[in-house]
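A.B. asks: what's the 3D shape of this:
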Amino acid sequence: MAKDSHPLDQKELRLLADILALVLDDEAGQAQAALDRLRHRARQQEISGGSFKNLIISLAETSAGSDTLLKKRHELEIQRYKDVMEELATQHRNLQRHVALLERDNQIIRYNHSQQHDILPWQRIRVIIALLAGILLGIAASQIVHNIGSAQKIDRALCFTQSLSHNNSQ
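C.D. replies: Below you'll find the predicted structure:
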């Protein structure tokens, strides 16, 4: 151990802790030997009872201070996790709204597609009927034009043969 102006190193602190643990031991012989050893080391290092008391108090305060720091660190970490969870919850709600909009758009597209799909067969039937009507009208119009455009030619040979057969029968 060192004087009051010098802090104790970790090795000396461990040794002091071991000695104090032996002082509190149940066996009287070991406790007395540890206490004698502690007195001997204190005299060698010129440590008074008051400075030993101050050392124990400072160790206790350091321990309490580290507990407070640890508690604050845990509280900060918990708050950080809460913030992350809140942010994730907000993102989740936004994504749910986006999914709902996409589902609505999908339903509208499906409805429009089904409407067009239902109309499509009737459109085909209308086109086929119009095409057949156009073909029939075209044939009829060409026959009318053909019949009107050319005068009926009477075959004179047939007329002559009919008149001969008519004269012979008389």
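
A.B. asks: Need the pLDDT of T161.
C.D. replies: Note for T161: predicted pLDDT of 60.

A.B. asks: From the chain's centroid, how far away is stretch 39-49?
C.D. replies: 67 Å (CA atoms, centre = their mean, to the nearest Å).

A.B. asks: Tell me the buried residues in it?
C.D. replies: By 16 or more other CB atoms under 10 Å, the buried positions in stretch 39-49 come out as A42, I47. Using the backbone N, CA and C atoms, a C-beta is placed for each residue, glycine as well.

A.B. asks: what about the lengthiest helix in the chain, average pLDDT?
C.D. replies: Of all the segments assigned as helix in the chain under DSSP state H, the longest by residue count is helix 49-149. Per-residue pLDDT values over helix 49-149 give a mean of 86.

A.B. asks: just checking, what packs against that helix?
C.D. replies: Packing partners of helix 49-149 (3 or more CB pairs under 8 Å, 6 or more residues apart in numbering; DSSP states H and E): none among the helices and strands.

A.B. asks: roughly how far is it from the heart of the chain?
C.D. replies: So, by CA atoms, centre = their mean, the centroid of helix 49-149 is 10 Å from its chain's centroid.

A.B. asks: please renumber so the chain begins at 52
C.D. replies: Okay, residue one is now 52; in that scheme the one you just asked about reads as helix 100-200.

A.B. asks: could you dump the helix or strand where A82 lies to PDB, C-alpha only?
C.D. replies: Secondary structure from DSSP states H and E places A82 in helix 79-96. Extracted as PDB, the C-alpha positions of helix 79-96 are listed here (Å, rounded to 0.1, in the frame of the first residue of the first chain):
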ATOM      1  CA  ALA A  79     -10.200 -17.400  15.100                       C
ATOM      2  CA  GLY A  80      -6.600 -18.300  14.400                       C
ATOM      3  CA  GLN A  81      -6.800 -17.300  10.700                       C
ATOM      4  CA  ALA A  82      -8.600 -14.100  11.500                       C
ATOM      5  CA  GLN A  83      -6.100 -13.100  14.100                       C
ATOM      6  CA  ALA A  84      -3.200 -13.900  11.800                       C
ATOM      7  CA  ALA A  85      -4.800 -11.900   9.000                       C
ATOM      8  CA  LEU A  86      -5.400  -9.000  11.400                       C
ATOM      9  CA  ASP A  87      -1.700  -9.100  12.500                       C
ATOM     10  CA  ARG A  88      -0.600  -9.100   8.900                       C
ATOM     11  CA  LEU A  89      -2.800  -6.100   8.100                       C
ATOM     12  CA  ARG A  90      -1.300  -4.200  11.100                       C
ATOM     13  CA  HIS A  91       2.200  -5.100   9.900                       C
ATOM     14  CA  ARG A  92       1.600  -3.900   6.300                       C
ATOM     15  CA  ALA A  93       0.000  -0.700   7.600                       C
ATOM     16  CA  ARG A  94       3.000   0.100   9.700                       C
ATOM     17  CA  GLN A  95       5.400  -0.700   6.800                       C
ATOM     18  CA  GLN A  96       3.400   1.600   4.500                       C
END
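
A.B. asks: All set now, cheers.
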